[in-house]
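1. Give me a model of this one.
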Amino acid sequence: MVRVREVISGADEDAAASELLRSSGRALVSSVGGASGPLYGTFLLEAAEGLAAEAVAPAREPIAALAPAFARGVAGIGRRGRSTIGQKTMLDTLVPAAEALRRGAAEPQASGAAARSMVAAAVEGCESTRAMIAQRGRASYLGERAIGHLDPGAVSALIVVEALAAALEDQPAETGERLRR
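-> Below you'll find the model as predicted:
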């Protein structure tokens, strides 16, 4: 995350959001070990391409531009990790979040309502991993012993979704609070 902060703090104040995402994605891919760096880096790189494509469309609500970029980032994670929803991965959190954000962006509602729907879907998706046997990543080595535990990638994805929702609502993030209730 230090590299991402460096990228953002060193960026031109007029830099496009897509360029900040692209640079941040590259920084994650090149500096964070394990699976999370390449996966989240891919998310940012793909989302950047989605935002760049949306930039040519007429100006509209930020949530309307964000929804397809977010979905594109989630699809990138699926391709990179060769996984899909239901395999006890971060996608169990991100796919429902992307779908809720897409639905929310299509409705004539405030960004806040779409953000809250996105978080609710993400929480439900994350919680669903508790009953699953992991089929991808290191958790797959645990077999049935993983049942009863949340997938760490799904939890980290929930934190990202909560932070994004807080930013959309211009509020401080309460990451992880929903799982503790």
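2. Listing request: residues of this protein with sub-threshold pLDDT.
-> In the predicted model, the chain carries pLDDT under 70 at residues 1, 54-61, 108-110, 172-181.
3. can you rerun that using 80?
-> 1-3, 52-63, 107-111, 170-181 (pLDDT under 80).
4. Could you list the domains of it?
-> Taking automatic domain parsing as the reference, the chain has its domains at 1-60, 83-181.
5. which residues touch Gly78?
-> 84, 91, 95 (CB atoms under 8 Å, 6 or more residues apart in numbering). Yep, even glycine has a C-beta here, placed from its N, CA and C like the rest.
6. winner for burial among the domains of the chain?
-> Scoring the domains of the chain by mean neighbour count under mean count of other CB atoms under 10 Å gives domain 83-181 as the most buried, with a mean of 18.
7. Can you give the distance of that one from its chain's centre?
-> 8 Å (CA atoms, centre = their mean, to the nearest Å).
8. sorry, back to before: turn the domains of the chain into JSON lines, including distance to Ile77.
-> Listed next are those as JSON lines, based on distance: least, CB to CB, whole Å:
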{"stretch": "domain 1-60", "distance to Ile77": "5"}
{"stretch": "domain 83-181", "distance to Ile77": "6"}
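9. Quick check: which of those domains is nearest to Gly73?
-> domain 1-60 (3.6 Å; CB to CB).
10. Let's test this: what are the backbone torsions at the closest residue to Ala131 other than its chain neighbours?
-> Take Ala131 and drop its neighbours on the chain: the residue closest to it by CB to CB, 6 or more residues apart in numbering is Ile147, 6.5 Å away. Backbone torsions of Ile147, given as degrees, to the nearest 10, read phi -60, psi 140.
11. Spit out the contact partners of Ile147.
-> 130-133.
12. OK, contacts around the spatially closest residue to Val155 that is not a sequence neighbour?
-> Leaving aside its chain neighbours, Val155 sits nearest to Cys126 (6.2 Å; criterion: CB to CB, 6+ apart). Contacts here follow CB under 8 Å, 6+ apart; on that basis Cys126 touches 92-93, 150-151, 154-155, 157-158, 179.
13. ok, so of those, who is nearest Glu169?
-> Leu158 (16.2 Å).
14. right, and Gly50 touches Ala64 too?
-> No. Gly50 is beyond contact range of Ala64, at 12.0 Å (criterion: CB atoms under 8 Å).
15. Could you pull out the helices in the chain for me?
-> 2-9, 17-31, 36-54, 62-81, 91-106, 111-128, 152-168, 177-180 (DSSP state H).
16. May I see the contacts of Ile147 organised as a markdown table, with distance to Glu107 added?
-> Shown next, in a markdown table, are those (distance: CB to CB, whole Å):
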| residue | distance to Glu107 |
| --- | --- |
| Arg130 | 30 |
| Ala131 | 31 |
| Met132 | 31 |
| Ile133 | 36 |
